[in-house]
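K.L.:
okay, predicted coordinates and the sequence, questions at the end:
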Amino acid sequence: MHEAHEYARNHKWYMSARQVTINDIYAFDPNKKVVLEEFTDIIGRNFRQPKEGLGNDLHSPSAHMWRTIIAPTRFL
């Protein structure tokens, strides 16, 4: 158990994950009313389908993921 703790504690992303965990509870206001229309532009930009088709747009950060889902036996 001690070795697992030390491994996690010494990982380069440990403090980033810890900060998210510690501050996450303060990021949400339970009384805030959220309207979806405020986020449609952001959602549209992140989830739009490229004209080449999913996985065929070589420059997007998720193209490799879509190519793997479409053809799991074809290696990258």
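P.N.:
Sure, I can see it.
K.L.:
now the residue minimising distance to the centre of the chain: how far from Ile70?
P.N.:
In the chain, the residue lying closest to the centroid (Cα atoms, centre = their mean) is Ser62, at 10.2 Å. Distance of Ser62 to Ile70, computed by Cβ to Cβ, to the nearest Å: 12 Å. Where C-beta positions appear, they are placed from N, C-alpha and C, glycine not excepted.
K.L.:
tell me the pLDDT at Asn10?
P.N.:
At Asn10, the model reports a pLDDT of 90.
K.L.:
contact partners for it?
P.N.:
Contact partners of Asn10, counting by Cβ atoms under 8 Å, 6 or more residues apart in numbering, are absent.
K.L.:
Ser60 in helix, strand or coil?
P.N.:
Secondary structure, DSSP: H, G, I helix; E, B strand; the rest coil: Ser60 is coil.
K.L.:
measure it to Leu36 for me?
P.N.:
Counting by Cβ to Cβ, the gap from Ser60 to Leu36 is 24 Å.
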